[in-house]
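Trainee: Below is the sequence, then the predicted model.
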Amino acid sequence: MVTLLSTLTDTNRKPLSPCKPGMARSLLKAGKAAVFLRYPFTIVLKKAVETNHEPLELKLDPGSKVTGVAIKQDNKIIFGAELQHRGQQIKDALLSRRQLRRGRRNRKTRYRKARFLNRTRPDGWLAPSGQHRVETILTWVRKLIRLAPVASIVQELVRFDSQLMQNPEISGVMYQHGELQGYEVRQYLLEKWHRQCAYCSAENVPFEVEHIQPKSRGGSDRVSNLTLACHDCNQKKGNQDVRAFLAAKPDLLNRILKQAKLPLKDAAAVNSTRWALFNALKETGLPVTTGTGGQTKFNRHRLGLAKSHWLDAACVGSVDTLKVLTSKPLLIVAKGQGTRQMCGTNPYGFPIRHKSRVQIHKGFQTGDIVSATVTAGKKVGSYTGRLLCRASGSFDIVTKAGRVTGISHKYCKAIHKKDGYSYGF
């Protein structure tokens, strides 16, 4: 992976052209540079340098769950990253808050007549989960501009035709006809699933309407997410993900997913945020160009690259030739900055624990990335990962292999302070 190199002086922060890992090691070993950031790895020279750096191109492939990021220099990809969003977590948190408030108000206040016209949304309003995607991408764009001499930005500006995704033969006036034209929901499902249970193929039994993707896991009430199941199968599946429920029956799983048609939630998220992201990128002051999804796919197939988010980002826009110099992208997962909730609740909204206002313990806080070398006790070894703090000074470290509990603060050394993200390769 190519190292991002920046110069930092007393009066000016000037990004320089990236260097190779071998050059970075030499500069650090000679004492001519110091580590500035671990993620993305950045070193800072200890003196000012006057040089004409080559401009870089920042390429983005925005997605609903993961956004691909690539930095291009000439025809070489020198940096790649995949940014995982937390839109579903935000949606679930808002849903939980709404349910708890509604239950509490129903128990403790008099009935108040519903009001529907006393709130308006400003132009360009996005749902919190969508706004998070835009702001998170913009945060990383600004960070990379500070660390590298980025001269231009290329964004994939794709629009999904959700009706065409469901019916490839749709055209003309058919766009005005919904799936349920001439049907009621239950009758439509009986015809669609051939009057039998989708899981065990039972016939001539009472059927129940079943959510393929449970609502508790982000599923919707669209008919494309509904099927028929007998009582026993419906109870057995419960709120499991359909992929986990049918893990031992891959053929049945593929048939159900194919018959249920493509989910449209991710396509709707991309459609709603694409122009907001484009307008936000223009405010950086850099020239912003766009490419289509078809152009990205064509470039990727022509260049023989594997399907991944960061390589899709590398293929966005006009591409003649491409040489990928990095083998592993930086995996960035949005974790948030914590919660302001002072009282933890159980699933029914009743308080079960208190949360302290103090966030920093023994010089650390939850979210720091630390390195710990334990020399005594049952946990002897070296651990690197994201920290979970406690006031007692006994911390947990989340590593690739899992969570390690009971690590004393005396063994911990911070290598990257909390910034709301976790990192990996």
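Mentor: Structure's in. What do you need? Numbers count the residues shown, from 1 in each chain.
Trainee: which residues touch stretch 89-106?
Mentor: 127-129, 132, 218, 336, 339, 345, 349 (CB atoms under 8 Å, 6 or more residues apart in numbering). Heads up, the C-betas are built off the backbone N, CA and C, glycines and all.
Trainee: next one: stretch 392-399
Mentor: Contact partners of stretch 392-399, identified using CB under 8 Å, 6+ apart, comprise 361-362, 364, 370, 372, 383-390, 403-410, 412, 422.
Trainee: Help me confirm that W310 is found in a helix?
Mentor: Yes - assignment of W310 by DSSP: H, G, I helix; E, B strand; the rest coil places it within a helix.
Trainee: ok, how many other residues are close to it?
Mentor: W310 is flanked by 25 other residues according to other CB atoms under 10 Å.
Trainee: That one: what's it in contact with?
Mentor: By CB under 8 Å, 6+ apart, the residues touching W310 are 61, 68-70, 80-82, 329.
Trainee: most neighbours, which of these?
Mentor: A70 (28 neighbours).
Trainee: What is the helix or strand hosting that residue packed up against?
Mentor: Using DSSP states H and E, A70 sits in strand 66-73. When contacts are defined as 3 or more CB pairs under 8 Å, 6 or more residues apart in numbering; DSSP states H and E, strand 66-73 packs onto strand 56-61, strand 76-84, helix 128-147, helix 309-314.
Trainee: Mean confidence (pLDDT) on the helix or strand just after the last one, please.
Mentor: Note on helix 309-314: by DSSP H and E, the next helix or strand toward the C-terminus is strand 323-324. Predicted confidence along strand 323-324 averages 90 (mean pLDDT).
Trainee: Note down every partner strand of strand 323-324 and its orientation.
Mentor: Strand pairing for strand 323-324, using DSSP bridges, gives strand 76-84 (parallel).
Trainee: Relative to the whole chain's centre, how far out is the partner strand?
Mentor: In terms of CA atoms, centre = their mean, to the nearest Å, the centre of strand 76-84 is set 15 Å apart from its chain centre.
Trainee: cool, stretch 40-52 as well?
Mentor: Stretch 40-52 has its average C-alpha position 31 Å from the chain's average C-alpha position, going by CA atoms, centre = their mean.
Trainee: Dump that stretch to CSV, restricted to CA.
Mentor: This file holds the C-alpha atoms of stretch 40-52, laid out as CSV (Å, rounded to 0.1, in the frame of the first residue of the first chain):
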residue,chain,number,x,y,z
PRO,A,40,-4.5,6.5,6.6
PHE,A,41,-0.8,6.2,7.3
THR,A,42,0.8,9.6,6.9
ILE,A,43,4.3,10.9,7.7
VAL,A,44,5.4,14.5,8.2
LEU,A,45,8.8,15.8,7.2
LYS,A,46,10.7,17.7,9.8
LYS,A,47,11.6,20.5,7.3
ALA,A,48,9.9,22.5,4.7
VAL,A,49,10.3,21.2,1.1
GLU,A,50,9.8,23.2,-2.1
THR,A,51,8.7,20.9,-4.8
ASN,A,52,6.3,20.7,-7.7
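Trainee: Which residues in it does the neighbour count mark as buried?
Mentor: Buried residues in stretch 40-52, defined by neighbour count with 16 or more other CB atoms under 10 Å: 40-45.
Trainee: how about the helices of this structure, start to end?
Mentor: 21-29, 87-108, 128-147, 162-166, 185-192, 231-237, 242-245, 250-260, 265-282, 293-303, 309-314 (DSSP state H).
Trainee: Pick the most buried one from those.
Mentor: helix 309-314 (a mean of 26; mean count of other CB atoms under 10 Å).
Trainee: In CSV, list the C-alpha atoms belonging to that one.
Mentor: Output in CSV follows, covering the C-alpha atoms of helix 309-314 (Å, rounded to 0.1, in the frame of the first residue of the first chain):
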residue,chain,number,x,y,z
HIS,A,309,-16.2,-1.1,-4.2
TRP,A,310,-12.7,0.5,-4.3
LEU,A,311,-11.9,-0.9,-7.8
ASP,A,312,-15.3,0.3,-9.0
ALA,A,313,-14.3,3.8,-7.7
ALA,A,314,-11.0,3.5,-9.7
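Trainee: what does stretch 66-76 rub up against?
Mentor: Residues outside stretch 66-76 that contact it (CB under 8 Å, 6+ apart): 17-18, 54, 56-61, 77-85, 133, 136-137, 140, 144, 148, 150, 308-314, 320-325.
Trainee: Equivalent analysis for stretch 200-214, please.
Mentor: By CB under 8 Å, 6+ apart, the residues outside stretch 200-214 that reach it are 185-186, 189-190, 195-198, 219-221, 225-234, 237-242, 256-257, 260, 263.
Trainee: go on, stretch 274-283?
Mentor: So stretch 274-283 is contacted by 60, 62, 124, 126, 130-131, 133-134, 137-138, 141, 153, 155, 157-159, 288, 290 (CB under 8 Å, 6+ apart).
Trainee: Same check on stretch 346-362?
Mentor: If you take CB under 8 Å, 6+ apart as the criterion, stretch 346-362 is touched by 99-100, 103-104, 338, 341-345, 365-366, 389-391, 393, 409.
Trainee: run the last query once more with 10 Å
Mentor: 96-97, 99-104, 107, 338-345, 365-368, 387, 389-395, 408-410, 412, 418 (CB atoms under 10 Å, 6 or more residues apart in numbering).
Trainee: want to throw the contacts of W310 into JSON lines with distance to T296 and pLDDT?
Mentor: Shown next, in JSON lines, are these (distance: CB to CB, whole Å; pLDDT from 0 to 100):
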{"residue": "D61", "distance to T296": "7", "pLDDT": "92"}
{"residue": "G68", "distance to T296": "10", "pLDDT": "94"}
{"residue": "V69", "distance to T296": "14", "pLDDT": "94"}
{"residue": "A70", "distance to T296": "11", "pLDDT": "94"}
{"residue": "G80", "distance to T296": "15", "pLDDT": "92"}
{"residue": "A81", "distance to T296": "17", "pLDDT": "93"}
{"residue": "E82", "distance to T296": "15", "pLDDT": "94"}
{"residue": "P329", "distance to T296": "16", "pLDDT": "91"}
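Trainee: circling back to that earlier point, redo the helices and strands packed on strand 66-73 as a markdown table? Include distance to A24.
Mentor: Listed next are the helices and strands packed on strand 66-73 as a markdown table, based on distance: least, CB to CB, whole Å:
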| stretch | distance to A24 |
| --- | --- |
| strand 56-61 | 17 |
| strand 76-84 | 13 |
| helix 128-147 | 13 |
| helix 309-314 | 21 |
